Every structure is written in C-alpha cells, then in structure tokens.
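[1] Following is a predicted model, sequence given first.
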Amino acid sequence: MTAPTTMPQQEQPQGWTDADLAHDPHHDEEKAAKVRAMFGAIAGRYDLNNRLHSFGRDQAWRRATVRLLGIMPTDEALDVACGTGDLTRTLKAGGAASVVGVDFTPEMLAIARAKGDGLTYLQGDAMELPFESARFDVVTIAFGLRNVQDPARAVGEFFRVLRPGGRLAVLEFDRPSPAPIAWINDLYCRRIMPWTATLIARDRSGAYRYLPRSIETFLDRPSMRRLLEGAGFEVTAQRRMTFGVCVCHVAVKAP
C-alpha cells in the first residue's frame, strides 16, 4: 500500500481498467498512484469487506503472524502498509512495547486514528521509510507488499530500519492447495468476491478486480524467499495458513 508522492487530485488515475488488468499490473508504470487512489476509494468499507470476504479469517491470520514473530515486551515494532490499523493493534495486544503504523493513503489513516487506540499512525512510503537506520526490533507488512511499486526497494528499507537480530513478517496471499480447494478459491476470488465486494464498497476504482489479478501475478513462495534473502535476510519460516490461502514469511536480520 505504498506510493511515492501525493498527486494533485485532477491528475490521479481513475483506477484499474480491464485493459490494465489484462496485463501484469505489477509492471504498470502508474501502479503506485492507482493503488493509492484505489485504497482511498474503498477505505470506508475496507474493514467490512475484509471480514466478510475472508469469512473472519483475516484477523486470525494477523494473530498467527504476531505469534510467529515471538513478540517480546521490549520490542519496538513498525507496521508498514498498516491501512486501518488491524495488524498494528494486534502487535500491541501481542505485547510489543511500542508500535508505529505507516501507510501512504490518508483515508485509511483517518479511519485508523478514529479508532482511538492511542497508537501512532504516520503517512509514509514503504520504499523510503521516514525513520533512522536500526530503529525497530520488528517490521511487519500484511497484504501490502504486492501493492508497492518496487517490492525489492521496500524490502531493502525493512532491512535498513531493523536492528541486528530484528524480525520481519510479510503476510501475503497465495494460491492454496490441494487442487479442489485451489479451484474453489479461484472461482471465489475471480468471480464471486469481485462482484460482491464492489457492491458493498460502491467502488468504481476497480479495486476488487485488481485484487485477484495482483495475487496471480505476484511472487510465489520460492520467489519471495529469494527476494528476502537478496536483501540480506535469513528466512526462518514460510507458514501456510488456511490451506495456503495466505503465507506468512518470517525473516531475521543477522546480528
């Protein structure tokens, strides 16, 4: 959920078109700006759609991610692409000493702040985080890395702001298995969810048509491992959740 700069309203893309999604959206030169406009458009119904269309599992995935990180009472954590703050709050509830949420979409941050949890939410770019090096013990990003214009650059930033021995968790969608479950998931994500979620959000940005296409064309587990290791991380776990609908990739910055 990250874009480099704020554009004047009249210059922002109107969203994802069928022509855009016929190709790999991750290679779209305006991907970051389109994603930013998209999340601004759906912010008001974002939490509702997440709960309904994950059948409530999205919160369980976040709790499992926090458990995998082994949060300690002294940990200072950063939640990148925090959206409305679900994982940010889960990190705090999991025992972190402090948590900062960063997102580049003002509409999402407004909802996070309105929840009154007392946490700090900042507008920022995953590819250029506004923090000094070696600032945090834990960095997380949930369902956001595929929305970044340059994921490798973002992962490099995660490495930079982590202290030696710090842990990173990347929670991302994947294609489940076995084959019958994969078939059902494809039908749901490609046909049913885009229609119902679009109706609920009253969306014209193409957000819920972009979602399945962005998953299909993003990194699989071996590619994600290579990306993390290429940035200097040691990958310690790639935990499949709910038959592999999503995967939590956990990595460590060597001490």
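    Structure received. This is a predicted model, so every value here is computed, not measured. Numbers count the residues shown, from 1 in each chain.

[2] quick one, strands of this protein?
    76-80, 98-103, 120-123, 136-142, 162-173, 233-241, 246-253 (DSSP state E).

[3] For the protein, which segments count as helices?
    18-21, 31-42, 46-53, 57-69, 86-93, 106-114, 151-161, 179-187, 193-201, 207-216, 221-230 (DSSP state H).

[4] Make TSV out of those and add mean pLDDT.
    Listed next are the helices of the chain as TSV, based on pLDDT from 0 to 100:
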stretch	mean pLDDT
helix 18-21	86
helix 31-42	93
helix 46-53	96
helix 57-69	98
helix 86-93	98
helix 106-114	98
helix 151-161	98
helix 179-187	93
helix 193-201	95
helix 207-216	93
helix 221-230	97
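
[5] In a markdown table: those helices, plus distance to Gly244 and mean neighbour count.
    All C-beta atoms are positioned from the backbone trio N, CA, C, and that covers glycine. As requested, these are arranged in a markdown table below (distance: least, CB to CB, whole Å; neighbours: other CB atoms under 10 Å):
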| stretch | distance to Gly244 | mean neighbour count |
| --- | --- | --- |
| helix 18-21 | 23 | 13 |
| helix 31-42 | 24 | 23 |
| helix 46-53 | 17 | 17 |
| helix 57-69 | 12 | 19 |
| helix 86-93 | 20 | 24 |
| helix 106-114 | 27 | 17 |
| helix 151-161 | 20 | 20 |
| helix 179-187 | 8 | 13 |
| helix 193-201 | 17 | 17 |
| helix 207-216 | 12 | 21 |
| helix 221-230 | 9 | 15 |
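
[6] end-to-end on stretch 135-153?
    18 Å (CA to CA, to the nearest Å).

[7] Could you do stretch 136-155 as well?
    End-to-end for stretch 136-155, by CA to CA: 14 Å.

[8] Based on its surroundings, how many neighbours for Val170?
    As a burial measure, Val170 scores 30 neighbours (other CB atoms under 10 Å).

[9] and if you look at Cys189?
    So Cys189, with other CB under 10 Å, has 20 neighbours.

[10] gap between the nearest residue to it once chain neighbours are set aside and Glu30?
    Leaving aside its chain neighbours, Cys189 sits nearest to Pro212 (4.2 Å; criterion: CB to CB, 6 or more residues apart in numbering). Per CB to CB, to the nearest Å, Pro212 is found 20 Å from Glu30.

[11] List the contacts of Pro151.
    145, 219, 227 (CB atoms under 8 Å, 6 or more residues apart in numbering).

[12] Just name the closest of these to Gly165, please.
    Of all the contacts of Pro151, Gly165 sits closest to Leu227, with 20.6 Å by CB to CB.

[13] wait, isn't that closest one in contact with Gly156?
    No - with contact defined as CB atoms under 8 Å, Leu227 does not count as touching Gly156 (10.0 Å).

[14] Please report the number of neighbouring residues for the nearest residue to Asp75 once chain neighbours are set aside.
    Among residues not flanking Asp75 along the chain, Asp137 sits closest, at 4.2 Å (CB to CB, 6+ apart). Look at Asp137: counted by other CB under 10 Å, it has 22 neighbours.

[15] if we can go back for a sec, kindly reformat the contacts of Pro151 as a markdown table and extend each row with distance to Leu109.
    Shown next, in a markdown table, are the contacts of Pro151 (distance: CB to CB, whole Å):
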| residue | distance to Leu109 |
| --- | --- |
| Leu145 | 19 |
| Leu219 | 27 |
| Leu227 | 27 |
